[in-house]
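In: Pasting the sequence and the predicted model now:
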Amino acid sequence: MLEVFCYTVGFVLLALAALLPPTVPHRDRMAYAGLALWLLPATVHALQAH
């Protein structure tokens, strides 16, 4: 369930950051947060595999 949440919210944040004009404040932070949420489940799986 956490994976679905992370991927969904990450995708929404990345999509918003991509669609908003560059003059919107904190657009880069939305993109970084989206990438972090997108990579969180993969990181957890990689750490659990070791």
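Out: Yep, that arrived. Numbers count the residues shown, from 1 in each chain.
In: which SS class is residue 23?
Out: Under DSSP: H, G, I helix; E, B strand; the rest coil, residue 23 falls in the coil class.
In: how close does residue 7 sit to residue 37?
Out: Between residue 7 and residue 37 the distance is 8 Å, computed by C-beta to C-beta, to the nearest Å. C-betas here are computed from N, CA, C, even on glycine.
In: Correction: the previous question concerned residue 24.
Out: Applying C-beta to C-beta, the value for residue 24 to residue 37 is 19 Å.
In: Would you mind telling me which of those two has the busier surroundings?
Out: residue 37 (19 against 12; other C-beta atoms under 10 Å).
In: The helix or strand containing the more buried one - contacts with which helices or strands?
Out: Element membership of residue 37, judged by DSSP states H and E, is helix 27-49. Helices and strands touching helix 27-49, by 3 or more C-beta pairs under 8 Å, 6 or more residues apart in numbering; DSSP states H and E, are helix 2-19.
In: Show me the contact partners of the helix it packs on.
Out: For helix 2-19, the external contacting residues (C-beta atoms under 8 Å, 6 or more residues apart in numbering) are 27, 28, 30, 31, 33, 34, 35, 36, 37, 38, 40, 41.
In: And the residue nearest to residue 40 when sequence neighbours are not counted, what's its pLDDT?
Out: Spatial nearest neighbour of residue 40, chain neighbours left out: residue 6 (5.0 Å); criterion: C-beta to C-beta, 6 or more residues apart in numbering. Note on residue 6: pLDDT of 85.
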